[in-house]
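Undergrad: Fold the following and give me the result.
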Amino acid sequence: MALQYGKSLAEAGIQIISGMARGIDGAGQRGALNSSWAKESGVTYAVLGCGVDVCYPRENIGLYMDIQEKGGIVSEFSPGTQPYAWNFPRRNRIISALADWILIMEAKERSGSLITADLALEQGKDVYALPGPVNSVLSQGCHRLIRQGAGILITPEELMDEWNINPVEIGQKGNKSEKMLESPEFMVYSCLDLFPKGTNQLMKETGLSVTELMERLITLELNGYVKEVSRNYYIRLQ
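TA: You can find the predicted model right below:
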């Protein structure tokens, strides 16, 4: 089911942010990578409880490589940091902070997923849970969240309806955006994604001078394609 959710949401242009763990996490991200949007960068991001150069769990090495190519690997830990147990609850606040909303598909009564849900609520994010069999240990956490007021989801389409997301419109908008951009602007635009990037790095990647780069960035920002999130750091909006 996580595979189906990941693919359906990605088809609607929604990025999947998760922890690349065994089970639900990895399945949701594999679903995103199986979507038609997987040919675009930024389809899914993995937030690790270890260094970005450490694949954990090891059996997810194929998924790790695919996410690197089609999205990104994120970690607050230094390269080489091993996947110590205490790192994972700590990294969950980054998952919830990057996401617009959180979906819990399976959770035991004491689950790291519930930590993510609590952090999301503290950050003012919406939390949804998938109900399961009443006698299933893996649904106990979801049922607790629902009792506490979490949104109930049965299908990905319900979420799209609630957020007024039209997959066709999103696809058309993305194609239109790229066609509208002339070559110099598109070169800058294509270097940006979900995570802020500084002008120094953009100059290195594009070969533009600071004056040329700022002209392109101003044009892109005025047209709603990029946003300056802090001084000289930009993200891609469309």
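
Undergrad: What ranges does this protein have for its strands?
TA: 16-18, 44-47, 72-74, 101-104, 126-129, 151-152, 197-198, 226-230, 233-236 (DSSP state E).

Undergrad: Give the other helices and strands that the last one contacts.
TA: The reference is to strand 233-236. Other helices and strands packing on strand 233-236, by 3 or more Cβ pairs under 8 Å, 6 or more residues apart in numbering; DSSP states H and E, are strand 197-198, helix 199-206, strand 226-230. C-beta: built from backbone N, CA, C; applies to glycine.

Undergrad: in that strand, what counts as buried?
TA: By 16 or more other Cβ atoms under 10 Å, the buried positions in strand 233-236 come out as 234, 236.

Undergrad: For the spatially closest residue to V188 that is not a sequence neighbour, grab the count of nearby residues.
TA: Nearest residue to V188, sequence neighbours excluded (Cβ to Cβ, 6 or more residues apart in numbering): R216, at 4.5 Å. Around R216 there are 22 other residues, counting by other Cβ atoms under 10 Å.

Undergrad: so R216 sits right up against L208, yeah?
TA: Yes - judged on Cβ atoms under 8 Å, R216 makes contact with L208 at a distance of 7.0 Å.

Undergrad: any idea how far L48 is from the closest residue in space to P156 that isn't next to it in sequence?
TA: Nearest non-adjacent residue to P156, counting by Cβ to Cβ, 6+ apart: S8, 3.8 Å away. Separation of S8 from L48 (Cβ to Cβ, to the nearest Å) stands at 25 Å.

Undergrad: Who has more neighbours out of the two?
TA: Between S8 and L48, counted using other Cβ under 10 Å, L48 has the larger neighbour count: 25 against 19.

Undergrad: Which pLDDT value belongs to the more buried one?
TA: On the pLDDT scale, L48 is placed at 97.

Undergrad: for the one 5 residues further on, same thing?
TA: Per-residue confidence at D53 stands at 95 (pLDDT).

Undergrad: According to the record, where do the domains of the protein fall?
TA: Residue ranges for the domains of the chain, per automatic domain parsing: 2-162, 181-236.

Undergrad: Among the ones you listed, show me which one is buried the most.
TA: domain 2-162 (a mean of 18; mean count of other Cβ atoms under 10 Å).
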